[in-house]
Structures are given as C-alpha cells and as structure tokens.
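[1] Quick one: sequence and predicted model below, then my questions.
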Amino acid sequence: MKFPRLEDVDVAGKTVLVRTDLNVPMQGGKVSNNNRIVRLLPTLNYLIKKKCRIVLLSHFDRPKGKFVPSMSLAPLVDALSEAMDGRDIHFGVDCIGPAARDAVAKLKPGEIVLLENLRFHAQEEAGDAHFARELASLGDVFINDAFSASHRAHASITGLSSFLPVAAGRLMEEELASIYSIYSDAKKPITAIVGGSKVSTKLELLESLVTRVENLVIGGAMANTFLLAQGHSVGKSLVEPNLKVTAKRILETAKKKNCNIILPVDVVIGEPGLSGSNNACVGIEHIPADQMVLDIGNETLRTIAGCLAESKTVIWNGPVGLFETRPFDVSTIMIAREIARLTSGKKLQSIAGGGDTVAALAIAGLGESFSYLSTAGGAFLEYLEGKTLPGITMLMEAKNGSGSIKAHA
Ligand code: 3PG
C-alpha cells in the first residue's frame, strides 16, 4: 500500500488544510477525552516547524446539514490550545464562504485556525464536488490525518485531491502501519469483541467478522438485539427489533463458519433513567419488563476471560456496558485489565479502536498496555474487515508521493 507522506509534498510556508477527526467525547460542553487531539500533534508540530498556515477541517457528530449549536466545534479551541501548551488557536465560524476565507487570510506562519463543523453543510456528506472545491480554495496542500473518518466518502475526505497535492498525516501513517502489521500477521485464534450503542452500523460489520475470526464476543446495546432474536425479552433495553432477522442471519453464518459467538448469559440491569443504585445481576431469562440491560454479568465475564486466555490476537471495538455510568463500567474495565495483563505477558497481540473504547481504557489507566490503540471506530472495523476506505483510496491514488506502510510496519 503506497501513499504520499508529509515529506513527499512541499509544505514549507504554505497554507495547509488538514482533515482531522475532532469528533471527540464531550461532557457538559467540554472535551472529556482528548486522545484524538493529542494524536494529531505530530502532524501539527511538523507543519508548525515548516512555518505553514494550518487550517483544521473536521466534522462533529451528525447535524445532518444544519447548524446545530450543540454540535459546534467552538469548544474544541480550548481543548486544542491546552494540548498545545497554551498556543493560540483561531476559530472560523464557517468552513466555507467569507467567514472561512477571512479566518484563513488572518493567519500568520505557524498559526492554526479551526473551521466550524463541516457537516453543518449537507454537501459535505453528499460528497459534493463544488463544496470540495470551495474547501480546497482555502489552501495550497491537503493532508488527510483523519483515518477515523476515512470510511466516509465525504467531500472533505475524498474531494480535495482533485484540486490540491495531498499527503497522509503522521496519525494516518501510524494507524495504517500499526493495524496492518498486527492484523495482516494475526496469530490465531483471533477474538473480536464488539460492543457499544451504534447497533445498526455495526451489525453489518459483525456479519463479516464471523467469517474471519474464531471467537466473537457481542456486548453493549448490540447484544440486546441478538438476545431478542433468540427469543429473550429485554425489558426497556436499547434494542433494534427491525434488525432481528439480520442478527439471526449472523448467528447462522457464525455456526457455518465455526465462529464461536459469545453473547451474555447474565446481565446487570437498572431502571431507565440510570440510577446506579439498584443494579442487580440476572440471567437473561429474567430481565424484568421495566428494567434495562446496562452491563454484562459475572458468568459472561468468566466465559470471556476463558476465551481470552486461549486467544493469540484480540480486536476490540466498543464498551460491553454503559461504562460512562458507574457501576456499569465494571465489565468493560475487567475485560480491559485481562487483555492488558495478557498483552504485557506477551501472550496476546491486542488492538482496540473507537472513541468510547479508548476512553474506557484511559479511565482504567490501561491504554498503554495494549499493543495498539486506534483513534477510529467504524473505520477501524471496516479496515480490519478488508473493506476499501475511500479516504485511503484517495491517498493511494494520489500521484504526488511514494510512502509505503510496509516500510514502517
Ligand atoms: C467516528 O467517531 O467514528 C468518526 O468521527 C466518524 O463518525 P460518523 O460515524 O458520524 O461518520
């Protein structure tokens, strides 16, 4: 896989557009985990040294083409500044048009401006070429450092290469090199752990994973749909009844492909509204009609620990419980500890990805113990699945460089 790296494009003194992924976890209007920000620093520091004017482009959440105040990137200014030892970060209240042009025109060499959420314009997700041209008109060079958004064929991911020289940023390079080197050479048995609440987006990915891994642990809200498909009642839990048929198909494929599916056999329940006080662990046959499943139970955890002990490679995306709310973080942390222990003892190669997963590992203080932590969620899984990521294809088809991930693997 060849693609242009930062060194392959002439950036010195230029205005450089950097597609980042600042879709970071927020709580009370503040960034609650700055991993995606910190991981951008190698690219930003390189460009600062080259006296570039740096224009950061990003999406945040899914505003569906409208201005949604709570999805503004404005709160990211302080978080970026803090991560860069108090450096001034400017803000442009729009990503195209006069506001964007003015904000960029004011930049001095080495300065950074963050432009407002790309997805406030419907043309971004539509991959609109005119919108891409407007973005491109703001700079001289385009750097894709948003591996975690590169599974989207959006204007800011794939469209700018028609107008500007492009290269991969340092984070993109690191992601491709690390995931490639661990996964392409994966020792079997491989166990994938998939959880979290983006149920509908991950079911298709699960369908593919069952054909590639020996064990698939399904946790989080996603497991509820599978339990429902198996005929269990899941009370007031988050569930997608319309995906029952898909869930059944996945279970059937898994059987044919000898993929061992691990679903919860017991769960921790709570009342909707989430007071953590009355949590109880029950078998999946006994989920009360007025309660929600909020974590997996002890017996399920023991099964997962047994499976991990037999595995050589673990791929993890998505917490298995509602880890933001104690005590529903317990299983996610216990699994993280077990993987960290086995990885430190060189018994396991471990890769984890996804904002929530990485945040959970940070809370548990275990991130460093994994073989590699990706900043991506959906893109991470699609890459592992062997899917073509539009943002990577764009880089590979660029004619202006010769980087190679093998060279760095
Ligand atoms: C992510 O957080 O996985 C990326 O920012 C992509 O977000 P999306 O799923 O809304 O496209």
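    Looks like it came in fine.

[2] Helices along the stretch 51-200 of the chain, start to end?
    76-83, 97-105, 122-126, 129-136, 170-183, 199-209 (DSSP state H, counting those that start in this stretch).

[3] Would you mind finding the most buried of those helices?
    Mean neighbour count, computed with mean count of other CB atoms under 10 Å, is highest for helix 170-183 among the helices of the stretch 51-200 of the chain, reaching a mean of 21. C-betas here are computed from N, CA, C, even on glycine.

[4] quick one: E134 from the ligand, how far?
    Relative to the ligand, E134 is positioned 21 Å away (criterion: CB to the nearest ligand atom, to the nearest Å).

[5] check contacts around that residue.
    With CB atoms under 8 Å, 6 or more residues apart in numbering as the criterion, the residues that contact E134 are 96-97.

[6] Show the model's pLDDT score for the spatially closest residue to L205 that is not a sequence neighbour.
    Nearest in space to L205, with sequence neighbours left out and distances taken as CB to CB, 6 or more residues apart in numbering, is L381 at 4.7 Å. Reported pLDDT at L381 in the predicted model: 79.

[7] likewise K406?
    Looking at K406, its pLDDT stands at 43.

[8] Kindly provide the distance from the nearest residue to E385 once chain neighbours are set aside to the ligand.
    Across the structure, with CB to CB, 6+ apart as the measure, the residue nearest E385 apart from its sequence neighbours is S208 (4.6 Å). According to CB to the nearest ligand atom, S208 and the ligand sit 17 Å apart.

[9] and what of G283?
    G283 is 34 Å from the ligand, where distance means CB to the nearest ligand atom.

[10] again with I315
    Remark: distance between I315 and the ligand (CB to the nearest ligand atom) = 16 Å.

[11] what's around that residue, how many residues?
    Per other CB atoms under 10 Å, the neighbour tally for I315 reads 27.

[12] Show me what it bridges to in the sheet.
    Taking DSSP bridges, one obtains A192, I351 as the residues bridged to I315.

[13] Could I get the contacting residues of the closest residue to G318 other than its chain neighbours?
    With CB to CB, 6+ apart as the measure, G196 is the residue that lies nearest to G318, at 2.9 Å, once sequence neighbours are left out. With contacts taken as CB under 8 Å, 6+ apart, G196 has the following neighbours: 202, 220-222, 317-319, 354, 356-357, 377.

[14] from these, which ones fall inside strands?
    Assigned to strands by DSSP state E, the following of the contacts of G196 qualify: N317.

[15] Kindly report the residues of the stretch 51-200 of the chain close to the ligand.
    Taking CB under 6 Å from any ligand atom as the contact definition, the stretch 51-200 of the chain meets the ligand at 62, 148-149, 152.

[16] of those, buried ones?
    In terms of neighbour count (16 or more other CB atoms under 10 Å), the buried residues within those are 148-149, 152.

[17] Which single one of those residues is nearest to R36?
    Top of the list for closeness to R36, among these and by CB to CB, is S148 at 7.2 Å.

[18] Leaving out the residues flanking it, which one is nearest to that closest one?
    Per CB to CB, 6+ apart, closest to S148 is A376, 3.4 Å.

[19] show me what contacts the one you found?
    Counting by CB under 8 Å, 6+ apart, A376 makes contact with 21, 147-148, 175, 353-354, 383.

[20] Would you check which pair of those lies furthest apart?
    The most widely separated members of these are D21 and Y383, with 14.1 Å between them, by CB to CB.

[21] Look at the two and report which has more neighbours.
    Under the neighbour definition other CB under 10 Å, D21 and Y383 were set side by side, and D21 has more, 27 against 23.

[22] Test my guess that that one contacts T375.
    Yes - under the criterion of CB atoms under 8 Å, D21 is in contact with T375, at a separation of 6.9 Å.

[23] For these two, list the residues in contact with both.
    For the pair D21 and T375, residues contacting each of them under the criterion CB under 8 Å, 6+ apart are 36, 147-148.

[24] With respect to G365, which of these is nearest?
    For these, the closest approach to G365 (CB to CB) belongs to R36, at 18.7 Å.

[25] For that closest one, pull up the helix or strand it's in.
    Following DSSP states H and E, the helix or strand that holds R36 is helix 35-38.

[26] buried stuff in that helix?
    Residues of helix 35-38 classed as buried: 35-37 (neighbour count, 16+ other CB under 10 Å).

[27] pLDDT-wise, what's the bottom of those?
    Least confident of these in the model: N35, at 87.

[28] For G353, see how far away it is.
    From N35 over to G353 the distance is 11 Å, taken as CB to CB, to the nearest Å.

[29] shared neighbours, those two?
    Contacts common to N35 and G353, judged by CB under 8 Å, 6+ apart, are 373, 375.

[30] quick check, N33 in a helix?
    No - counting by DSSP: H, G, I helix; E, B strand; the rest coil, N33 is not part of a helix but coil.

[31] dump the residue contacts of it.
    For N33, the residues meeting the contact criterion (CB under 8 Å, 6+ apart) are 24-25, 355, 358-359, 362.

[32] Closest one of those residues to I287?
    When these are compared against I287 (criterion: CB to CB), the nearest one is A359, at 27.0 Å.

[33] element containing that closest one?
    Short version, using DSSP H and E: A359 is in helix 355-363.

[34] neighbours around I284, how many?
    Applying other CB under 10 Å, we find 21 other residues in the vicinity of I284.

[35] Go ahead and confirm K64 touches F120.
    No - applying CB under 8 Å, one finds K64 not in contact with F120, separated by 9.4 Å.

[36] If you count surrounding residues, which of these two has more?
    For K64 versus F120, neighbours defined as other CB under 10 Å are more numerous around F120 (21 against 11).

[37] What sits closest to that one if chain neighbours are left out?
    If the residues on either side of it in the chain are set aside, F120 comes closest to F67, at 5.0 Å by CB to CB, 6+ apart.

[38] The ligand versus that neighbour, what's the distance?
    Counting by CB to the nearest ligand atom, the gap from F67 to the ligand is 17 Å.

[39] E204 too?
    E204 sits at a distance of 13 Å from the ligand (criterion: CB to the nearest ligand atom).

[40] what sits against that residue?
    E204 makes contact with T246, according to CB under 8 Å, 6+ apart.
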